[in-house]
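> I'll drop the sequence and a predicted model, then ask my questions.
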Amino acid sequence: MLWADTPASDLVRLEQVAEAVMRAAGARQRLTVVASAATLWLWLPVATVPAREQLEPVLRQNPDVRVAIGTPARGAEGFRRSHREAVEASRLMARVAAPVPLVTFEEVELVSLVEQDPSGRRNSRGKPSATSPRPRPTCTRRCAPNYGSSGTPPPPPNGCSPTATR
């Protein structure tokens, strides 16, 4: 994800920076979407996050442009997750008004997790961590198999109601 500090930025220049980032990352092609007048979403078919040393020369030439990078991953879900991570990294940079030209999700992941789950019971992929208490079965999971198979549902077990979703 690339964006310029100035709202009335030149999209042609952002496209040029996106092209330079693509080359610096060693990619041969890119997917770019104009998200706003000063923001481009950029996806590169790379297996690893480009080294900071590869991208810094491009960003030094464009001091008002910022880049946030998600974790490279395969497939449609990896594509979506990487994008969400880049958006989250950029959001955190904006929130703290960090004048940093480049951030990876890996660098801000812990802060992101703490903000999203102060209890610390979920890992970076949104799943319960190994130290989380084991979740109890939900009322919905216990009650749902008994509903809909006949005209009248049996009484819910353990005081559950059909709409309970603990």
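On my side now, so go ahead.
> only C-alpha atoms for contact and neighbour calcs from this point on.
Will do.
> and the closest residue to Val65 other than its chain neighbours, what does it touch?
Using Cα to Cα, 6 or more residues apart in numbering and skipping residues adjacent in sequence, the residue nearest Val65 is Ala4, 4.4 Å away. Applying Cα atoms under 8 Å, 6 or more residues apart in numbering to Ala4 gives the contacts 14, 38-39, 64-66.
> Could you point out the helix or strand that follows the longest helix seen in the chain?
Ranked by residue count, the top helix of the chain under DSSP state H comes out as helix 75-95. Next in sequence after helix 75-95, counting helices and strands by DSSP states H and E, comes strand 102-104.
> Pull the residues that contact that following strand.
Applying Cα under 8 Å, 6+ apart, the external contacts of strand 102-104 come out as 52, 56, 66-71, 86, 89-90, 93.
> can you give me the strands for the chain?
2-4, 31-36, 39-43, 65-69, 102-104 (DSSP state E).
> so what strands line up beside the third one?
To tie it back to what came earlier, the one meant is strand 39-43. strand 2-4 (antiparallel), strand 31-36 (antiparallel) (DSSP bridges).
> Pull the number of nearby residues for the closest residue to Thr71 other than its chain neighbours.
The shortest distance from Thr71 to any non-neighbouring residue, by Cα to Cα, 6+ apart, is to Ser82 (5.2 Å). The local packing of Ser82 (other Cα atoms under 10 Å) involves 20 other residues.
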